[in-house]
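Structure of the sequence below:
(chains A and B)
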There are 2 protein chains.
Amino acid sequence: MRPKRIVTELDPFFHPKSLALVGATGKQGKVGRLFMDRFLETRFQTLYPVNPGAGEILGVKAYASLKEIPGPVDVALVVTPPNAVVETIKECVAKGVKGIIINSAGFGEGGGFGKEIEKEMVRIAREGGARIIGPNCIGIYCPSAKLPFPMGAAQESGSVGVISQSGSLADHLTLLATKTGVKFSKAISCGNECDLNATDFLEYLGEDPQTEIIVSYLEGIKDGRKFHQLIKEISKSKPLIIWKGGMSEAGARAAASHTGALAGSPSVWEGVLNSAGVVRVKSFEEILDTLYVFYFQPLPRGRKVAIITATGGPAVGTTDACLEMGMEVPNLSKETKEKLRKIIPAAGTSVQNPIDLTLGAAVDADVYAEVIRTVAGDDDIDLLMIIGSGGKQFREITSGAARTLTKPIVVSIIMPPETVLEDSKVFLGKGIPVYPDPRRAAKALSKLARYANFRRDHNHGEALFREGPWRS
Amino acid sequence: MRPKRIVTELDPFFHPKSLALVGATGKQGKVGRLFMDRFLETRFQTLYPVNPGAGEILGVKAYASLKEIPGPVDVALVVTPPNAVVETIKECVAKGVKGIIINSAGFGEGGGFGKEIEKEMVRIAREGGARIIGPNCIGIYCPSAKLPFPMGAAQESGSVGVISQSGSLADHLTLLATKTGVKFSKAISCGNECDLNATDFLEYLGEDPQTEIIVSYLEGIKDGRKFHQLIKEISKSKPLIIWKGGMSEAGARAAASHTGALAGSPSVWEGVLNSAGVVRVKSFEEILDTLYVFYFQPLPRGRKVAIITATGGPAVGTTDACLEMGMEVPNLSKETKEKLRKIIPAAGTSVQNPIDLTLGAAVDADVYAEVIRTVAGDDDIDLLMIIGSGGKQFREITSGAARTLTKPIVVSIIMPPETVLEDSKVFLGKGIPVYPDPRRAAKALSKLARYANFRRDHNHGEALFREGPWRS
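Okay, here's the model as predicted:
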């Protein structure tokens, strides 16, 4: 099968053998320096710093202009002042560059004249067979190709794709998530979208075999009809986690001045996103909370949660949260209850869901692990939430028991941030999402259950669900 | 004016000159040891460990029974096995103890027979002129009286009162909040409420001059009519932050087995709490998020927020969040816009709210601080939210500018948890609430604005609002 046109046109951006950094410099505090540092960190092979001063920049031979570069240039990353950008595009075309990424700002986001310049930029590029990402973007993060974002997220390649109409969000997201073990395939900062836009990137990541989950921050979409078609189709096989910004009048006004995009009617957006099975989020924190459970855990077969805790208080509030978010906290089966009564004799006849182990049972490692396994074995339970107060023993019990499960499991730890940090690292390192508040855990699980349900409905009820942990 | 009966009856619990720890022990892992450690830490003056073995416990002279204690005993904290509790209450009465706190569990929370024993316990105590807190509670945290909770929250006295029907929640809340500079007057773990109950504690803290803010986790209320009357009255002068657990059917079932309380109809609760001006929260994290802004900041005069950020992305989503939560993100006044144009010439004519400083202006310390002060000076702005990426310079600029303000200000920092920890400590140390996500900041501010509005409506529009920072 011939690859789609969008794949052929976008591929050069993600597999460049050589890259020219136009506006490279050794001066601290400049974007050109920031990118130099990052490319040196990733050890990108054929890097051509371009600067009128030529000479050497941080030990790498520099060129006064693109045309002086000896070999071919696949991608140009442009970080020059805005008034040098049009000329640079002309040079790119003359050099045969196919992918141009423009970091420089000061164009269409200010409206009016800037938009006219963008049109001219696109005309020049397209006539020369090149495509543009940006301007006013932070470019592409693609670990397999050693392409970095400015903040320097880790360089291991994985399965999460990102499309963001906010550069800082893409930068922060990849930085924070890679610190906790999430690995990315390709992340794209859209910028002003003078040429290529979010819909193009969505089509590309939808086709990309390396990308299994897509996270997107969007403010406005230029080709609404195609976008709608794409999200409906892609959601059937890849979870699509979307934060739509500009859903209020004042938010839309802010969006217009941010990237010059029109945000579109909130009610239309609501309908489009929800009917297409999109996993909706409304904040940066919620993106991460949601991504963890989609990335690390398998899809559940239903929406029935078992809550296991060592103290009564959180059990009540967490049950409320699960119910409020569309899940069930069902009674355990007779069989499970009988097994539990044997494991925790102190529980007497009061074994029910949420399961309150009381502190006594919780400190007995064998009992705790056996309770988790027994509850997970109940056919009426689809998802597990463990609430604990952290610490080494708790980590070992929970992650040990979790290793044998084929149902999603998450952990919530209510302790001071400095204590939770250590626990979080260990749990995420073993592929168990961990939340500082059970309500956030419930929210993430509910999104996983809702999406699993959408997948079942749109794939003729077929069990497309991975068995066993998604990754660890 | 004569003090209310509830004040006279509860005061002994909060100002004991002497306390008997019945069930004290030196054995690690026992509750009796945990409390011994805590009382030694707080240097409670006249502590009488009671244990049949007598002798010495951790260097403190112990007594075989209450009657052997030479001096008077004001409060008894009972941590014995449940079958020894009734006898202990008899001894307390014989000794003239007026306040009995029962930590031991295994009574009414199991229903049936346990409830009968509780009735007997209360009968004996009341006939002897004593009152009971508990059983199945963690007691009282009262820094001014050197009374500790088991986890050992800091011992500086302050203005926040706590009433909790979950012991672990009260313990975690005081531990976490004191680590960030919040100081408490009195925190009470209600337990099974066989005698004194949450309504009594609410009446007491309502009267308590030391308590200016009340935080409460509730599952069920025994005297609904009185409770309703109290929250309406107290809310007029003290913010009442309440998390009501058991608002779902399954949650109510969990609550019943937790403390034996009936949770009551959710719809009745909704109406009662909202009409009384209660500040509603739904999770542990939200309690802390909300408490920070009420504790550290003044009340605003309205609900108009200015958002100041150095990157466009968060501005859009934060504006959405503010609007969704009932606040306004208004245009700035003509005068303010003109001033801002002089301070940030690069902004050109696009100065609007949310204020996107762009990175260039944000790194200039004087510009940044001047922008904050100018926006705060706008009569049309009631609250300020600063979104930054942390670091020493950002902390100094923001907290420096905030020092001169009389309007509420909060900060949001989107960075990895380990980076934010340091920033959080510094900001909270200066009385500026800080949130890892702007949406959480917006939620907290919206609660402050809504409560301020309630206060205005219920105090004949009088300006009861503190000028200047609440504390720092």
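
got a list of what A:Ile307 touches?
A:315, A:318-319, A:322, A:329, A:353-355, A:385, A:387, A:438 (Cβ atoms under 8 Å, 6 or more residues apart in numbering or on different chains). The C-beta positions use only the backbone N, C-alpha and C, and glycine is treated the same way.

secondary structure element for the closest residue in space to A:Glu219 that isn't next to it in sequence?
The shortest distance from A:Glu219 to any non-neighbouring residue, by Cβ to Cβ, 6 or more residues apart in numbering or on different chains, is to A:Ala255 (4.0 Å). Taking DSSP states H and E as the criterion, A:Ala255 maps to helix A:249-259.

ranges for the strands of the stretch 1-150 of chain A?
A:18-22, A:46-50, A:56-57, A:60-61, A:75-78, A:99-102, A:131-133, A:140-141 (DSSP state E, counting those that start in this stretch).

hey, which of the ones you listed is tucked in deepest?
For these, the largest average neighbour count (mean count of other Cβ atoms under 10 Å in any protein chain shown) is found in strand A:99-102, namely a mean of 28.

Show me what that one is in contact with.
A:12-13, A:16, A:74-78, A:85, A:89, A:92, A:121, A:125, A:130-137, A:139-140, A:191.

what lines up beside that strand in the sheet?
strand A:75-78 (parallel), strand A:131-133 (parallel) (DSSP bridges).

Could you confirm A:Ala153 falls within a helix?
No - secondary structure of A:Ala153, determined by DSSP: H, G, I helix; E, B strand; the rest coil: coil, with no helix assignment.

thought it was touching A:Thr178?
Yes - judged on Cβ atoms under 8 Å, A:Ala153 makes contact with A:Thr178 at a distance of 4.4 Å.

so what sits against both of the two?
A:Phe184.

quick one, which of these two is more surrounded?
Using other Cβ atoms under 10 Å in any protein chain shown as the criterion, A:Ala153 and A:Thr178 rank with A:Ala153 on top: 25 against 20.

So A:Ile69 versus chain B, what's the distance?
Look at A:Ile69 and chain B: by Cβ to the nearest Cβ, to the nearest Å, they are 30 Å apart.

residues touching that residue, list them.
With Cβ under 8 Å, 6+ apart, A:Ile69 has these contacts: A:20, A:48, A:50, A:63, A:95.

Repeat that for A:Ile344.
A:Ile344 neighbours (Cβ under 8 Å, 6+ apart): A:351, A:357, A:361, A:367, A:371.

before we move on, back to that, mind checking how far the helix holding A:Ala255 is from the chain centre?
23 Å (Cα atoms, centre = their mean, to the nearest Å).

same thing with stretch A:94-114?
For stretch A:94-114, the distance to the chain centre is 26 Å (Cα atoms, centre = their mean).

Now do the end-to-end distance for it.
This stretch, stretch A:94-114, spans 24 Å end to end (Cα to Cα, to the nearest Å).

Looking at that stretch now, give me its mean pLDDT.
Here stretch A:94-114 scores 92 as its mean pLDDT.

Just the buried positions in it, please.
Within stretch A:94-114, the residues scored as buried using 16 or more other Cβ atoms under 10 Å in any protein chain shown are A:95, A:97-105, A:107-110, A:114.

A:Ile308 versus the closest residue to A:Gly391 other than its chain neighbours, what's the distance?
Spatial nearest neighbour of A:Gly391, chain neighbours left out: A:Asp423 (7.4 Å); criterion: Cβ to Cβ, 6+ apart. Using Cβ to Cβ, to the nearest Å, A:Asp423 is found at 16 Å from A:Ile308.

the more surrounded of the two?
Using other Cβ under 10 Å, the more surrounded residue of A:Asp423 and A:Ile308 is A:Ile308, with 25 against 22.

does the more buried one have beta-bridge partners, and which?
Under the criterion used (DSSP bridges), A:Ile308 bridges to A:Ile355, A:Ile386.

Could you provide the strands of the stretch 1-150 of chain A in CSV, with additional columns for distance to A:Ile242?
Converted to CSV, the strands of the stretch 1-150 of chain A look like this (distance: least, Cβ to Cβ, whole Å):
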stretch, distance to A:Ile242
strand A:18-22, 30
strand A:46-50, 34
strand A:56-57, 39
strand A:60-61, 39
strand A:75-78, 27
strand A:99-102, 23
strand A:131-133, 20
strand A:140-141, 19
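
For A:Arg403, find the nearest of these.
Relative to A:Arg403, the nearest member of the strands of the stretch 1-150 of chain A by Cβ to Cβ is strand A:140-141, separated by 31.2 Å.

tell me what that closest one is packed against?
strand A:184-189 (3 or more Cβ pairs under 8 Å, 6 or more residues apart in numbering or on different chains; DSSP states H and E).

buried stuff in the helix or strand that comes right after the strand it packs on?
Using DSSP H and E, the helix or strand that follows strand A:184-189 in sequence is helix A:198-207. In terms of neighbour count (16+ other Cβ under 10 Å), helix A:198-207 has its buried residues at A:198-206.

ok, and of these, which contact chain B?
Applying Cβ under 8 Å from any Cβ of the partner chain, the subset of the buried residues of helix A:198-207 adjacent to chain B is empty.

Now for these: which two are most distant?
A:Ala198 and A:Gly206 (12.2 Å).

Give me the distance between A:Ile100 and chain B.
For A:Ile100, the distance to chain B - Cβ to the nearest Cβ - is 22 Å.

Next, count neighbours for the residue of the stretch 101-250 of chain A found nearest chain B.
Nearest residue of the stretch 101-250 of chain A to chain B (Cβ to the nearest Cβ) works out as A:Ser166 at 2.6 Å. Residues lying near A:Ser166 (other Cβ under 10 Å) number 30.
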